[in-house]
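J.: starting from these lines, generate the structure:
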Amino acid sequence: MFNSEESRVEAERGRVSAESSRVEAEAGRAHAESNEGSGRVESEIARQEHYTEYMIELEKLKKDPENYMTPGARHYFRRVWVGYAILGLAIALGLWGQQREANNRIDDINNSRALITYTSCLDQNDRHDNTIGQLDKILLVRKAELRKQIKQAESKDQLAVATSLRSQIDRLDDSRNTTVGLIEALAPHQNCRQLVIDRFGRIPDPQ
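T.: Sure, this is the predicted structure:
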């Protein structure tokens, strides 16, 4: 009796195990079918998108067959155009940099020339003023000596000598005017600031 009950329990267990295996198999098959269905849907969507793109390209070909370009060709030429654009930009920046450097060099050269001209002008003005100043000092001393001699001659009633000495003073004044005129002709006093502006259109920057 106990053996019969145990056999029945074992049989029931075997049936439950078999049913569980069948359910698991059914679930696996359903999952596989679900994945397959999802794959078919995605494949169908991709096919529809491809077909739509194909129809769009076909319409472009019909509208303008001579200038039609495939997507691959368009992608290639787009990359080429981008490359040329980058190359052109690099060349433009390089030329701009070279031009800017050249302009800076030219500006430095012009500034140096303007500064040299301005400095030379100031030096010339100093020599001009110093030369005339030294000339006036010499003439002033000489005139003082002549006037002293004139007084001595007049005190001795040497009128002819006094007249001759006065004429020497007049000649000194004439000589002074001639010398100053020569200096003004050869090395005149100038407005250095205006001279540099007239020649170079700028005031030199100190270096």
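J.: A85 sits in which helix or strand?
T.: helix 71-155 (DSSP states H and E).
J.: and that helix, average pLDDT?
T.: For helix 71-155, mean pLDDT rounds to 85.
J.: show me the domain layout of the chain.
T.: 1-68, 109-207 (automatic domain parsing).
J.: element containing T179, please.
T.: T179 belongs to helix 159-186 when assigned by DSSP H and E.
J.: and the helix or strand that comes right after that helix, what does it pack against?
T.: Following helix 159-186 in sequence order, the next helix or strand is helix 192-200 (DSSP H and E). Under the contact criterion of 3 or more Cβ pairs under 8 Å, 6 or more residues apart in numbering; DSSP states H and E, helix 192-200 touches helix 71-155. Where you see a C-beta, it was placed from the backbone N, CA and C, and this is true even at glycine.
J.: quick check: angle from the helix it packs on to helix 192-200?
T.: Computed by axes from the mean of the first three to the mean of the last three Cα atoms, to 10 degrees, the angle separating helix 71-155 from helix 192-200 equals 140 degrees.
J.: which strands and helices lie in contact with helix 71-155?
T.: Counting by 3+ Cβ pairs under 8 Å, 6+ apart, helix 71-155 packs on helix 159-186, helix 192-200.
J.: JSON lines for those, including mean neighbour count, mean pLDDT and distance to G94?
T.: Shown next, in JSON lines, are the helices and strands packed on helix 71-155 (neighbours: other Cβ atoms under 10 Å; pLDDT from 0 to 100; distance: least, Cβ to Cβ, whole Å):
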{"stretch": "helix 159-186", "mean neighbour count": "13", "mean pLDDT": "87", "distance to G94": "51"}
{"stretch": "helix 192-200", "mean neighbour count": "14", "mean pLDDT": "89", "distance to G94": "30"}
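J.: got the phi/psi numbers for R202?
T.: phi -160, psi 160 (degrees, to the nearest 10).
J.: just P188 next, same as before
T.: With angles defined as degrees, to the nearest 10, P188 sits at phi -70, psi 160.
J.: same question for P204.
T.: According to degrees, to the nearest 10, P204 has phi -70, psi 140.
J.: how about the contacts made by it?
T.: By Cβ atoms under 8 Å, 6 or more residues apart in numbering, the contact list for P204 reads N111, A114, L115, T117, Y118, V196.
J.: still on that earlier bit, tilt between the helix holding T179 and helix 71-155?
T.: 180 degrees.
J.: so what secondary structure elements neighbour helix 159-186?
T.: Judged by 3+ Cβ pairs under 8 Å, 6+ apart, helix 159-186 is in contact with helix 71-155.
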